[in-house]
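Engineer: Fold the following for me, if possible:
(chains A and B)
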Amino acid sequence: MAIRFYNSLTNQTEDFQPLEAGVVRMYSCGPTVYDFAHIGNFRSFLFADLIRRFLEVMGNDVTHIMNITDVGHMTDDHLADGGGEDKMEAAAKRLKEDKKSGKVPDGAIENPDDPYQVAQFFTDAFLEDSRKLGLKIAFEYPQNIPHATNHIQDMQEMIDELIKSGHAYVGPDGAVYYSVESFPKYGSLSGNTLDQLREGSGGRVQQNDQASKKHPADFLLWKPDQSHIMKWDSPWGMGYPGWHIECSVMARKLLGRDVIDIHTGGEDLIFPHHECEIAQSCGASGEDHFARFWMHARFLMVEGEKMSKSKGNFYTVRDVLGGKVTGREVHPAVLRYELIRSHYGSNMNFTEKGLKDSAAAVRKLNEFNAMLEAKTGGEAAEVDNSHPVLAGFLGALSDNLNISGALGVLFPWMSGPHENPQESLAVLRTINRILDVAPMEHAEELQSESSDAGGFDPAELCKGIDDARANKDYGRADELRNQLQDAGYEVRNSPEGTIATKQLA
RNA sequence: GGUGCGGUAGCCAAGUGGCCUAAGGCGAUGGAUUGCAAAUCCAUUAUUCGCGGGUUCGAAUCCCGCUCGCACCUCCA
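Structural biologist: Predicted coordinates:
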């Protein structure tokens, strides 16, 4: 079964083979930690998670690295004078307000004026969200999730290499720039040419920002700036690194290679970020490639519109899980499923209806799992990937991660007969190593049996319904059922009597 | 203006030359079941694939033109 992925570098779907058989080295651009991550961020992170889990089930040993960008970049970092507001300061300001208003609990962060504390606060929030959504890499912190600020020295070393090899220069303003003209392939990932970039820069980039650069597309590697909130000593003065260099450096260092197998990120990162990474890494290594496969997730839309704070359709993970979309709590497995069920190569439209559809699918999968577990006592048979259902499921994913095709194999199989439940359980478990929703590892139980606070006891109400029905007091039974439903429970009959399960979304 | 992706049923979405009179899911409708519901099960739900040409024995799938949507080219996943 050949694995084929769409490679943004060649704009073609190509056979995927890791450089070293059975070992995959992949790098994913991670979050900036100036705020809570939103569901669009997580679509991209979950897309990387899906690749990783799929490759593992296919028998590969995958090393996955994802960075935490905690260097306090400027909002206008792309400008040569590094103007604008410091993102870390802006984050601190927000945190202080949130602390006052009680949105951030007391003690969650001691001193918002310490940028490292701000970064750690949002890093922790990111890790918490990630673990809830089943991002495997989040359980590998900190070893596989490096902080940029822990690699400043390494960045300086690469900058030095680039200067020595003629790919970088110190401008008249003292800043270190990468010279795009020194790297003929600059633009090959995004389809830009230097001429186009020069034209495109007209009118948008202010003249004085360009004065120190040899070419308008030259980008910052090190900016001497005493006033910056986070700053480090360097051969080019006290200052901070450019925002592309960290990925080149950490990928090389943690994956131990100049050429890696897969690099992922959101589509917006193709240019300039990934273009610049390639220039830096290849400039430093002399290799033809940095990553052999570049894979990019398309943007997520919300109810047909681009997500933006001003439109009010901007959701963080905690917003969605907390019920901001549906009006009731959403189980993490539902959001995970919703964010991975559509193909990464198309824009996904996040809707309330879609979320509810996903809840139904997740519930179905979990009930199927529970049925098999009960029938087998948890004893699964041995199956390998040649099992027809797995071959179909994995075969679809092998075709550039065709998740719809894969689910199109899973669902009909699920509702078919299962004469050998031990075998079926083994198949489901393998599939769930990729989907991680039935059951979701590390997540709280899907069915909360415990009684809620405030004296609301679903089990008690269920018993009341059964008693009322036994007495043919249907008015009473309906009343109790309504109470449960209003509280967000699904109510149904079973041979053991009435059962109430919490709605998943 | 440049670059890339896409327009398939009410919605999501697979299929990229014959097995397609087009997977799968959701929804809807009818039936079984139920005190009524829910859940479950069964059945039905696109002769048609943005529009117009063309190539071919044969096209949703290839070519040309048009059109609409999205994204990037500037911080953004």
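Engineer: residues near residue A:427, how many?
Structural biologist: Close neighbours of residue A:427, defined as other Cβ atoms under 10 Å, add up to 24. Quick note: C-beta positions are derived from backbone N, CA and C, even for glycine.
Engineer: Next: residue A:416.
Structural biologist: Neighbour tally, residue A:416, other Cβ under 10 Å: 10.
Engineer: would you put the C-alpha positions of whatever helix or strand residue A:122 lives in in CSV?
Structural biologist: For residue A:122, the host element (DSSP states H and E) is helix A:115-132. Extracted C-alpha coordinates of helix A:115-132, given in CSV (Å, rounded to 0.1, in the frame of the first residue of the first chain):
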residue,chain,number,x,y,z
PRO,A,115,7.1,37.8,29.8
TYR,A,116,8.3,34.3,30.7
GLN,A,117,5.4,33.9,33.0
VAL,A,118,3.0,35.2,30.4
ALA,A,119,4.5,32.7,27.9
GLN,A,120,4.3,29.8,30.4
PHE,A,121,0.7,30.7,31.2
PHE,A,122,-0.4,30.4,27.6
THR,A,123,1.9,27.4,27.0
ASP,A,124,0.1,25.6,29.8
ALA,A,125,-3.2,26.6,28.4
PHE,A,126,-2.2,25.3,25.0
LEU,A,127,-1.0,22.0,26.4
GLU,A,128,-4.2,21.6,28.4
ASP,A,129,-6.3,22.2,25.3
SER,A,130,-4.0,19.9,23.2
ARG,A,131,-4.3,17.1,25.6
LYS,A,132,-8.0,17.4,25.7
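Engineer: For RNA strand B, tell me whether it is touching it.
Structural biologist: No - applying Cβ under 7 Å from any atom of the strand, one finds helix A:115-132 out of contact with RNA strand B, separated by at least 10.6 Å.
Engineer: Name the spans of the stretch 201-350 of chain A whose pLDDT lies under the cut-off.
Structural biologist: A:201-210 (pLDDT under 70).
Engineer: Name the residues of it found near RNA strand B, please.
Structural biologist: A:201, A:204, A:243, A:265-273, A:297-301, A:306-307, A:341-343, A:345-349.
Engineer: Report the separation between the nearest residue to residue A:241 once chain neighbours are set aside and RNA strand B.
Structural biologist: Spatial nearest neighbour of residue A:241, excluding adjacent residues (Cβ to Cβ, 6 or more residues apart in numbering): residue A:155 at 4.8 Å. Going from residue A:155 to RNA strand B by Cβ to the nearest atom of the strand, to the nearest Å gives 16 Å.
Engineer: before we move on, what about residue A:24?
Structural biologist: As judged by Cβ to the nearest atom of the strand, residue A:24 and RNA strand B stand 20 Å apart.
Engineer: Restricting the selection to alpha carbons, write the helix or strand encompassing that residue to PDB.
Structural biologist: Per DSSP H and E, residue A:24 falls inside strand A:23-28. Output of strand A:23-28 as PDB, limited to C-alpha atoms (Å, rounded to 0.1, in the frame of the first residue of the first chain):
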ATOM      1  CA  VAL A  23      11.600   6.300  10.600                       C
ATOM      2  CA  VAL A  24       9.800   9.500  10.000                       C
ATOM      3  CA  ARG A  25      11.000  12.900  11.100                       C
ATOM      4  CA  MET A  26       8.400  15.600  11.100                       C
ATOM      5  CA  TYR A  27       8.200  19.100  12.200                       C
ATOM      6  CA  SER A  28       5.000  21.200  12.700                       C
END
